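> Fold the following for me, if possible:
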Amino acid sequence: MALIYLIRHGKPSSNWGGDDADPGLDATGEAQAVEVARALMSRPASERPKRVVSSPLRRCIETAKPLAEALGVDIEIDPAVGEIPTPKALSAAERPAWLRAAFTGRWRDIQGDLDYDVWRKAVCAAVAARPATAVFSHFVAINAVLSVLAGEDQVIGFRPDHTSISTFDLGDDGLTLVERGREASTAVL
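Numbering: from 1, shown residues only. The predicted structure follows:
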């Protein structure tokens, strides 16, 4: 069994559309990061991740840090598991409305500079290339992976809570979902 853990970052110090384009964690998020490290380190040794990979954004790196320290490994930064790319023509203030529109649609219909169906498949491939790894990523990227595995085109089919851990197995047949992580109890992202 080659388990891969896909973890949503902890609670950030500001929401998307806020003043900080790359917020770190707030106090709740910092506590969540410690708890997710404890949860993964409490697994049997054969199921613990051996590597830690993170999106390049601060909220993911800060969430990954306690686990990397507990494992005694460096955090590997990989833009391929990062946030969904915003179209270049949009300002930071326009991003929230663009995301809300994308959330209600299908991957093939998202408007932007790239083919978002191809992007979601690349996210899934990047996760699948990392056996025995904890991957710290984002709400939309986690949905990208799940939608590819389910063969669905809906952008949002799951609302992972902050530090939600979704577990996958990488076997001879490729990546398969073992267990979805905890879902957020509200629509607030």
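
> At the geometric centre of the protein, which residue do we find?
By Cα atoms, centre = their mean, the chain has its centre lying nearest to residue 137, at 2.5 Å.

> Find the residue closest to that residue in space, skipping its chain neighbours.
What sits nearest to residue 137 in space, not counting adjacent residues and going by Cβ to Cβ, 6 or more residues apart in numbering, is residue 81, at 4.6 Å. Backbone N, C-alpha and C define where each C-beta goes, glycine included.

> Please state the offset of the lowest-mean-pLDDT helix or strand in the chain from the chain centre?
Of all regular secondary-structure elements in the chain, judged by mean pLDDT, DSSP states H and E, the least confident is helix 95-103 with a mean of 90. Put simply, helix 95-103 sits 17 Å off its chain's centre (Cα atoms, centre = their mean, to the nearest Å).

> Check what contacts that helix and list those residues.
Residues outside helix 95-103 that contact it (Cβ atoms under 8 Å, 6 or more residues apart in numbering): 16-17, 84, 86-87, 90, 110-112, 116, 140, 155-156.

> okay if I get those as a markdown table plus neighbour count, pLDDT and secondary structure?
Shown next, in a markdown table, are the contacts of helix 95-103 (neighbours: other Cβ atoms under 10 Å; pLDDT from 0 to 100; DSSP: H, G, I helix; E, B strand; the rest coil):
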| residue | neighbour count | pLDDT | secondary structure |
| --- | --- | --- | --- |
| 16 | 17 | 59 | coil |
| 17 | 14 | 52 | coil |
| 84 | 22 | 94 | coil |
| 86 | 16 | 90 | coil |
| 87 | 13 | 93 | coil |
| 90 | 16 | 90 | coil |
| 110 | 22 | 93 | coil |
| 111 | 12 | 89 | coil |
| 112 | 16 | 89 | coil |
| 116 | 22 | 95 | helix |
| 140 | 22 | 96 | helix |
| 155 | 23 | 96 | coil |
| 156 | 15 | 95 | coil |
